[in-house]
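Visitor: coordinates only, sequence not included:
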Ligand code: HEM
C-alpha cells in the first residue's frame, strides 16, 4: 500500500510538472529571446502628448512632475500603472488586440509578443473582460482634455457610459492631481510605439 | 473511539459562521458592482469603495473568504470521520489557523480597498499578504494530511482522501507560481501564460479536488449507501490530475501566447470532459433508486443540483473552449455567467448543502423551519440559473455586436436589459441567503435538544 501511495504521489507531482511545463515554462522559453525593456528604456520614448500635458496643465505639472522629460515620464508611467491596477481598470479593459472578430479594424494592429516584453507588463495586463474598449492602441485616439473630462465623469463625455467616475484624480479646483496626470500619460503611452512617425513632433528630433 | 468524538466541533462551527459572514459580504459586493452597470452605484465618488476595488473584493471574498472557510469546515468534519484519526492538532493549530485565515482575508480586503491590489486575476491578494497565505496552506497540509497518512498506512484510501491530499499538496505550489512569477520575474506574454495556468489551477487543483472529495464523502452518507463505483472515482481522480494542469492558457486563447500552448489547452480541456463525466455518472448512479430522498432532504438537494450545474458548466466549457466559439464569447459576460455557475452554482451549493446538513447536528437541534429552507433553496437556485442564462445570452449579444463593428456604446446599451436582470437575480439570491442564515440562527436558538444518530461514515 505504502508503495502505491508513494508511486501515486510521485505521479501526481510529475503530471503537475508536465502540465506546468507545457503551459507556463515552455512559452517562457520560447519567448526568452525577446529582450526585456526596463522602465528606463521604456520611458526613453516620450509620446508628444506628455509634452502637451505640461503645456495644458503647467502649474499642476510643474508641482507634481517638474519638467516633461524621460525621468518624469518614467515616474508618471509607474504611478499610472499602479493606479490602473489598484482601480481594477484591467477588469473592464483589455490590453490585447486579437486576430479575430474584426478587432484589427476596430482597434488597430494585432498584438505581438515583443510589445509586452517590458517592465510595464510586469505583471502583465492583458485582461480577461471587456466592458469598455481595448486600450492596447489607445495612444493618440483621444486628446488629453478628453481623457480628463472622461475620468471626471464618463457619462458626460460618452452618454450612457457605465465607466465609474474618478473624482480623486482631481484636486478641489477640479484640476488634475498627480494621479490624474499620470493616468493620462499612461493612456497616451499605451500603443504609442505603433505610431512612431508622430515622434517628429518631439522637439524637432 | 466513537467516530463522533473524533470531530472537534467548535472549529467546524467557527468556520461555518465565518464562511457565511463572508458569503453575505460577497453578495453585497456583487450587488453593488452590478448596480454600477445600471448607473446606480451606491457609493459614487468614494475612493475606498471605488467599483473596481469592490469587484476584486467580490471575487477574492468568494474564494478565500466563503469557499475556503466552507471547505475547511467540511474537512474538519469529514477527514477525522473518514480516517478514524483526529487532525494533527485542534486546540492550538486549529484555532491558530482559524484566526490566521480570517486575518488574511481581512488584510486582503483592506489591502484591496486601500489600493494595494496585485494585478493577477484571482491573486489580487496584496503582495505582502501572499507569504502568509503560503504558510497557512502548508499548515493546512500538515493538519489534514496527518490523519490521512496514518489511515493510509493501515488501509487503502477512499477516493475523498486522494482528492484532499492532492488538492492540499498542489495548492501551495500553484499559489507560489501564480503570485510570484508574473509579478517579479516573467513579464508580458510568458507571464500571461503563467497567470492563466494559475487561474485555472486555483480552480482545478484546489477548489475542484477538495469539492469533489467532500461530495464523495457527503453524497453517499446522505443517501446511506456506498458510492456506485469506486474504480470510476479513482479514474476521475487521475483524469483530473493529468488534464487539469494542462489547461491554463485557455484563459488567453487568440492572445500572442505561442499556439502550441493554446492548442494543448484546448485539447486537454476537451479531454477533461471524460474525467468530469465519470464524476457525474458516479453520483447519478449512486442516486439511482433513491430519488425519493431528494424530496425530504434539502442538503442532498443542494448537492444534487450542484452536480446538475456541474454537468451544465462542463458541457458549456466544452463548447466555449473551441477556438471558433472564443472569437465571439471571449471577454464577454458569457464568461462571467460561466464563472458564477461553477463557483456559486456548484461549489457554493455544495457548501450550502453540507452546512445545512451539519448545522442541526452540530447544534443538536432540529431544523427551525422546513419552509424557510425550501424558500431559501428555491430562491437561490432559480436566481443562479436565471443569472446564468441571462449572462450567457448577454455575452452573445456583446460578442456579436463587437464582431459586427457597431459603435462600442451599442454593446453597452444592448447589455442593459441583461445587466438589469442580473441585478434582480442578485436580489433574489440575497433574499434566499437571508432566509438561509435566519433559519440557521433560529435553529441554534431552539430550546429542545435532540440526539442525532451518530452516523457511520
Ligand atoms: C448577489 C449575487 C451576485 C451578484 C449580483 C454578482 C455580481 C457580479 C458582477 C457584477 C461581477 C463582475 C462581472 C464583470 O466584470 O462583468 C461578478 C464577478 C464574479 N463573481 Fe459574482 N455576483 C454574485 C454572487 C457571486 C457568488 C456567490 C460567487 C462565488 C461563490 C461569485 C463569483 C464571481 C466570480 C468568480 C466573478 C469573476 C468572473 C470573471 O472574471 O469571469 N459571485 N459578480
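Guide: Received, thanks. Everything numeric here is computed off the predicted structure, so don't read it as measured data.
Visitor: Spell out which residues of chain B are next to the ligand.
Guide: The interface of chain B toward the ligand, taken as Cβ under 6 Å from any ligand atom, is made up of B:26-27, B:30-31, B:33-34, B:55, B:58-59, B:62, B:66, B:333, B:335-336, B:339-340, B:343-344, B:348, B:422, B:426, B:429-430. C-beta coordinates here come from the backbone N, C-alpha and C atoms, glycine included.
Visitor: of those, buried ones?
Guide: Among the residues of chain B next to the ligand, those buried by neighbour count (16 or more other Cβ atoms under 10 Å in any protein chain shown) are B:26-27, B:30-31, B:33-34, B:55, B:58-59, B:62, B:66, B:333, B:335-336, B:339-340, B:343-344, B:348, B:422, B:426, B:429-430.
Visitor: Contacts only, for residue B:316.
Guide: If you count contacts by Cβ atoms under 8 Å, 6 or more residues apart in numbering or on different chains, residue B:316 has them with B:338, B:341, B:392.
Visitor: Now do the same for it: helix, strand or coil?
Guide: Classification of residue B:316 using DSSP: H, G, I helix; E, B strand; the rest coil returns helix.
Visitor: any idea how far the ligand is from it?
Guide: For residue B:316, the distance to the ligand (Cβ to the nearest ligand atom, to the nearest Å) stands at 13 Å.
Visitor: Now do the domain split for chain A, please.
Guide: For chain A, the domain assignment from automatic domain parsing gives the residue ranges A:1-33, A:39-194.
Visitor: May I see the buried residues of the shortest one?
Guide: Buried positions in domain A:1-33, judged by neighbour count with 16+ other Cβ under 10 Å: A:5, A:8, A:12, A:15-16, A:19-20, A:22-28, A:30-31.
Visitor: Ok, which of the domains of chain A comes nearest residue B:200?
Guide: domain A:1-33 (8.4 Å; Cβ to Cβ).
Visitor: And the buried residues of domain A:1-33, which is closest to residue B:43?
Guide: Sorting the buried residues of domain A:1-33 by how near they are to residue B:43, with Cβ to Cβ, puts residue A:24 at the top with 38.1 Å.
Visitor: Neighbours of residue B:451, how many?
Guide: If you count neighbours by other Cβ atoms under 10 Å in any protein chain shown, residue B:451 ends up with 6.
Visitor: Can you say which of the domains of chain A is nearest to residue B:215?
Guide: With Cβ to Cβ as the criterion, residue B:215 lies closest to domain A:1-33 of those, at 19.9 Å.
Visitor: Run the chain-centre distance for that closest one.
Guide: Its chain's C-alpha centre lies 33 Å from the corresponding centre of domain A:1-33 when counted by Cα atoms, centre = their mean, to the nearest Å.
Visitor: repeat for stretch A:72-92
Guide: Computed by Cα atoms, centre = their mean, the chain-centroid distance of stretch A:72-92 equals 7 Å.
Visitor: Tell me if that stretch is near chain B.
Guide: Yes: judged by Cβ under 8 Å from any Cβ of the partner chain, stretch A:72-92 comes into contact with chain B at A:83, A:85, A:86, A:87, A:88, A:89, A:90, A:91, A:92.
Visitor: What of stretch A:159-174?
Guide: Yes: between stretch A:159-174 and chain B, judged by Cβ under 8 Å from any Cβ, the touching residues are A:159, A:160, A:161, A:162, A:164, A:165, A:166, A:167, A:168.
Visitor: I'd like to know how far the nearest residue to the fifth one once chain neighbours are set aside sits from residue B:116.
Guide: Right, residue A:164. Sequence neighbours aside, residue B:51 is the residue nearest to residue A:164 in space, at 4.6 Å (criterion: Cβ to Cβ, 6 or more residues apart in numbering or on different chains). Summarising the geometry, the distance separating residue B:51 from residue B:116, computed by Cβ to Cβ, to the nearest Å, is 17 Å.
Visitor: Next: residue B:406.
Guide: If you go by Cβ to Cβ, the gap between residue B:406 and residue B:116 works out to 38 Å.
Visitor: Who has more neighbours out of the two?
Guide: Taking other Cβ under 10 Å, residue B:406 and residue B:116 do not tie; residue B:116 has more neighbours (19 against 14).
Visitor: mind listing what the more buried one touches?
Guide: Taking Cβ under 8 Å, 6+ apart as the criterion, residue B:116 is in contact with A:86, B:126, B:127, B:128.
Visitor: If you rank the residues you listed by neighbours, which is first?
Guide: residue A:86 (24 neighbours).
Visitor: Grab the nearest non-local neighbour of that one.
Guide: In space, not counting the residues next to it along the chain, residue A:86 is nearest to residue B:115; the distance is 3.7 Å by Cβ to Cβ, 6+ apart.
Visitor: what's the neighbour count on the one you found?
Guide: By other Cβ under 10 Å, the residues close to residue B:115 number 16.
Visitor: Could you do residue A:181 as well?
Guide: The criterion is other Cβ under 10 Å. On that basis, residue A:181 has 28 neighbouring residues.
Visitor: Verify the stated contact: it with residue A:60.
Guide: Yes: using Cβ atoms under 8 Å as the test, residue A:181 is close enough to residue A:60 to be in contact (6.4 Å).
Visitor: Which residues of the stretch 351-457 of chain B lie near chain A?
Guide: B:399, B:402, B:403, B:404, B:405, B:408, B:409, B:412, B:413.
Visitor: Filter the residues you listed down to the buried ones.
Guide: A residue is treated as buried here by neighbour count (16+ other Cβ under 10 Å); on that basis the buried members of these are B:399, B:402, B:408, B:409, B:412.
Visitor: Check which residues of the helix or strand hosting the second one are buried.
Guide: Using DSSP states H and E, residue B:402 maps to helix B:370-403. For helix B:370-403, the neighbour count (16+ other Cβ under 10 Å) marks B:372-373, B:375-377, B:379-381, B:383-388, B:390-402 as buried.
Visitor: Could you pick out the longest helix of chain A?
Guide: Criterion DSSP state H: the longest helix present in chain A is helix A:2-20.
Visitor: quick one: average pLDDT of it?
Guide: When the per-residue pLDDT values of helix A:2-20 are averaged, the result is 78.
Visitor: Show residues contacting it.
Guide: Against helix A:2-20 from outside (Cβ under 8 Å, 6+ apart): B:152-153, B:156-157, B:162, B:165-166, B:169-170, B:173, B:177, B:197, B:205, B:241-248, B:268.
Visitor: List buried residues within these.
Guide: Burial of the contacts of helix A:2-20 was assessed by neighbour count (16+ other Cβ under 10 Å); the buried members are B:152, B:157, B:162, B:165-166, B:169-170, B:173, B:177, B:197, B:205, B:241-248, B:268.
Visitor: Select from the residues you listed every entry located in helices.
Guide: B:152, B:162, B:165-166, B:169-170, B:173, B:177, B:197, B:241-243, B:268.
Visitor: Dump the residues you listed to a markdown table, plus distance to residue B:120.
Guide: As requested, those are arranged in a markdown table below (distance: Cβ to Cβ, whole Å):
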| residue | distance to residue B:120 |
| --- | --- |
| B:152 | 35 |
| B:162 | 29 |
| B:165 | 26 |
| B:166 | 23 |
| B:169 | 22 |
| B:170 | 18 |
| B:173 | 16 |
| B:177 | 11 |
| B:197 | 11 |
| B:241 | 24 |
| B:242 | 25 |
| B:243 | 23 |
| B:268 | 22 |
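Visitor: mind putting these in JSON lines, distance to chain A included?
Guide: Shown next, in JSON lines, are these (distance: Cβ to the nearest Cβ, whole Å):
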{"residue": "B:152", "distance to chain A": "6"}
{"residue": "B:162", "distance to chain A": "8"}
{"residue": "B:165", "distance to chain A": "8"}
{"residue": "B:166", "distance to chain A": "6"}
{"residue": "B:169", "distance to chain A": "7"}
{"residue": "B:170", "distance to chain A": "6"}
{"residue": "B:173", "distance to chain A": "7"}
{"residue": "B:177", "distance to chain A": "7"}
{"residue": "B:197", "distance to chain A": "5"}
{"residue": "B:241", "distance to chain A": "5"}
{"residue": "B:242", "distance to chain A": "5"}
{"residue": "B:243", "distance to chain A": "8"}
{"residue": "B:268", "distance to chain A": "8"}
